[in-house]
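1. Kindly generate the corresponding structure for this input.
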Amino acid sequence: EVMACDYQYSRALYKACIASGINVPHEGAILITVADMDKPEAVAIARGFEELGYTVIATDGTAEYLQKYGVTVEVATKVSEGHPNLIDDIKSGRIGMVINTTNHGRDAERDGFKIRRSTVEHAIACLTSMDTARELLNVMSAMRRRSVVRVTALQDLTWEELHSRASALAAKLAEGSGPVLIYGEKSPAYVIAMVGCLWAGRPYVPAGPHYPAQRVSSMVAQTNIHTAICLQPLPTPLQDTVHCLSISLQGRECFALPAAAPDDIAYILFTSGSTGAPKGVVVTYANLENFIAWFTTRPAIAGLYPHAVLNQALFTFDLSVADLYYTLYTGCTLELSPEGSSLATCDSRAQLAVMTPSFVDCCLLDERFAAKALPCLQTIFFCGEPLRGSTVRRLWRRFPGLRIINAYGPTEATCAVTAVEITPKLAKEERLPIGYQHGEAVTVTLERQDRITLQAESVADDDSVSGEQNHSCSGCITLQGQSVAAGYLGGEKFH
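-> Coordinates of the predicted model:
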């Protein structure tokens, strides 16, 4: 027996395989032969190994299913069909890894038993669990891409470059005080600007050219901003009133990072203004820490360990907090989708995506938006708008085995505060639940004021989780907890 340790399960699994004498090849052919119930999950796994350059070989039943979903597969010759067959390929070393699940027990006459025995005799990795296969794929993918923060259709930025450039910017920002406006379109430079502000201990206020000049001017006035990081020219009314800093692409300065207190302000994000004039929500480091601790423990995310996360939202939208800070927290790759992209033709290798339902509805209008376009995608985290059962069902037809999380949370609570994984049973209904009452980022209580209706797993009238009993009640949601910001800019409290 061996024991392997690491901060991530998939890497510990890889170490254990190596330590136990099992050869995990970095190239070559992989044999996949799985039970019928495992075939939907095998699609994403097979496609992932194919994208890494492996030759995928499968027995006829599995091969037919994988080919149906666009995976390039070589059909293996069964043991009973003569020579050379798949056992010969294992013995010769052509097949370097096997994924095999079966419902047929230990019958020595069956191919599954012979395959497993042959892999043991030749010290070839034989994965008999789809969970194990998925985790091994995760670590193999991470080893290929671990050094780059990938930005789709824009440019690549390594973690070393992010550190050096953000550090150089922080050194400049540390010469002053107060909030800093970041103005520009979504780009790697925007990430540098946000990290630089955090490291300098100065709250950032995100904005961009998609905002009317009057709105940007109002944000600057409300926050008393005198410094801006300009990734492109500011609106004319502000050009003479705000000092603009540029980001050095060659900066290598060292900067001692200040220790942030929990109540220090990380950033100020303005609401949409749908209920009145836009208001600045003051988000502290404690708010962020509580949110990311909750986000990383969601069931469909906790065991994912993605090598890449796909960002859809602009950085001026609170939904982007989920993918940006999850990436900074875990050290994985961040992919920024181009603005206006349907994702049908993007070069993404993300396993986790953070999106709004309306954006996905638009993507689904393009038939190319399917598993072949995003071959590694395993989980989508939805928030920002109501998710419909019909959208979920259409997604599952395009992405077999995809895990879907429906979440809820206002800007005033950092990002999201409740979430639930959508099951096939829940997806039969058009109206979907938004989470559980307990075990969330905040304490959720219900006041009966007939202002909102929650169904299924959202809230029960006895203040407990209602499970999948389609129990519903009406009222106003009250949020309390560390994810809830202290108030609006200027000291105004939430109502």
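2. Just the CA trace of stretch 57-74, in PDB.
-> These are the backbone C-alpha positions of stretch 57-74, laid out as PDB (Å, rounded to 0.1, in the frame of the first residue of the first chain):
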ATOM      1  CA  ILE A  57      -9.400   3.100 -28.500                       C
ATOM      2  CA  ALA A  58     -12.800   1.600 -27.500                       C
ATOM      3  CA  THR A  59     -14.700  -1.600 -27.800                       C
ATOM      4  CA  ASP A  60     -17.500  -1.500 -30.400                       C
ATOM      5  CA  GLY A  61     -20.400  -0.500 -28.000                       C
ATOM      6  CA  THR A  62     -18.400   2.200 -26.300                       C
ATOM      7  CA  ALA A  63     -16.900   3.400 -29.500                       C
ATOM      8  CA  GLU A  64     -20.300   3.800 -31.200                       C
ATOM      9  CA  TYR A  65     -21.500   5.900 -28.300                       C
ATOM     10  CA  LEU A  66     -18.400   8.100 -28.200                       C
ATOM     11  CA  GLN A  67     -18.400   8.600 -32.000                       C
ATOM     12  CA  LYS A  68     -22.100   9.700 -31.700                       C
ATOM     13  CA  TYR A  69     -20.900  12.800 -29.700                       C
ATOM     14  CA  GLY A  70     -17.900  13.600 -31.900                       C
ATOM     15  CA  VAL A  71     -15.000  11.800 -30.300                       C
ATOM     16  CA  THR A  72     -12.500  10.300 -32.700                       C
ATOM     17  CA  VAL A  73     -12.300   6.700 -31.800                       C
ATOM     18  CA  GLU A  74     -10.400   3.600 -33.100                       C
END
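3. How about residues contacting that stretch?
-> Contacts of stretch 57-74 from elsewhere in the structure, counted by Cβ atoms under 8 Å, 6 or more residues apart in numbering, are 29-34, 36, 39, 42-43, 46-47, 50, 55-56, 75-76, 78, 86, 89, 95, 111, 370-372, 400. Where you see a C-beta, it was placed from the backbone N, CA and C, and this is true even at glycine.
4. go on, stretch 226-241?
-> When contacts are defined by Cβ under 8 Å, 6+ apart, stretch 226-241 is touched by residues 169, 173, 176, 178, 180-185, 187, 189-190, 193, 196-197, 209, 213, 216-217, 220, 242-247.
5. Which residue ranges of the stretch 201-350 of the chain form helices?
-> Per DSSP state H, counting those that start in this stretch, the stretch 201-350 of the chain carries helices over the ranges 213-223, 285-295, 299-302, 320-330.
6. Give the buried residues for the shortest one.
-> Within helix 299-302, the residues scored as buried using 16 or more other Cβ atoms under 10 Å are 300-301.
7. try the last one
-> Within helix 320-330, the residues that qualify as buried are 320-328, 330, counting by 16+ other Cβ under 10 Å.
8. same deal with stretch 360-373?
-> Residues 360-361, 363-364, 369-371, 373 are the ones in stretch 360-373 that count as buried (16+ other Cβ under 10 Å).
9. Centre-most residue in the protein?
-> Among the residues of the chain, residue 352 comes closest to the average C-alpha position under Cα atoms, centre = their mean, at 3.3 Å.
10. Name the residues linked to that one by a beta bridge.
-> Beta-bridge partners recorded for residue 352 (DSSP bridges): residue 309, residue 379.
11. wait, doesn't it sit right on residue 376?
-> No - using Cβ atoms under 8 Å, residue 352 is not in contact with residue 376; the gap is 9.5 Å.
12. who touches both of these two?
-> A shared contact of residue 352 and residue 376, defined by Cβ under 8 Å, 6+ apart, is any residue touching both; here these are residue 308.
13. okay, residue 152: pLDDT?
-> Here, the pLDDT recorded for residue 152 equals 39.
14. Kindly report the same for the one 10 residues further on.
-> Model confidence at residue 162, given as pLDDT, is 86.
15. Surely it is within a strand?
-> No - Residue 162 sits outside any strand when classified using DSSP: H, G, I helix; E, B strand; the rest coil, being helix.
16. what's the neighbour count on it?
-> Neighbour count of residue 162, defined by other Cβ atoms under 10 Å: 18.
17. separation between it and residue 195?
-> Taking Cβ to Cβ, to the nearest Å as the measure, residue 162 and residue 195 are separated by 7 Å.
18. If you rank every helix and strand of this protein by mean pLDDT, what lands last?
-> Least confident element among the helices and strands of the chain, by mean pLDDT, DSSP states H and E: strand 148-149 (a mean of 36).
19. Mind checking what helix or strand follows that one in sequence?
-> Helices and strands here follow DSSP states H and E; after strand 148-149, the next one along the chain is strand 157-158.
20. out of the contacts of stretch 226-241, which are buried?
-> With neighbours counted using 16+ other Cβ under 10 Å, those contain these buried positions: 169, 173, 180-185, 187, 189-190, 193, 196-197, 216-217, 220, 242, 245, 247.
21. Drop anything exposed from the contacts of stretch 57-74.
-> Among the contacts of stretch 57-74, those classed as buried by 16+ other Cβ under 10 Å are 29-34, 39, 42-43, 46-47, 50, 55-56, 76, 86, 89, 95, 111, 370-371, 400.
22. Strands - which of those land there?
-> Using DSSP state E, 29-33, 55-56, 95 are the members of the buried ones among the contacts of stretch 57-74 that sit in strands.
23. Dump those residues to TSV, plus distance to residue 300 and pLDDT.
-> Compiled in TSV, those are given as follows (distance: Cβ to Cβ, whole Å; pLDDT from 0 to 100):
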residue	distance to residue 300	pLDDT
29	31	91
30	25	93
31	28	93
32	23	93
33	27	91
55	30	93
56	25	93
95	32	89
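24. which pair in those residues spans the largest distance?
-> Considering Cβ to Cβ, no two members of these lie farther apart than 33 and 55, which are separated by 14.8 Å.
25. show me what contacts the closest residue to residue 76 other than its chain neighbours?
-> Spatial nearest neighbour of residue 76, excluding adjacent residues (Cβ to Cβ, 6 or more residues apart in numbering): residue 86 at 4.3 Å. Going by Cβ under 8 Å, 6+ apart, residue 86 touches 31, 57, 59, 76-79, 95, 111, 115.
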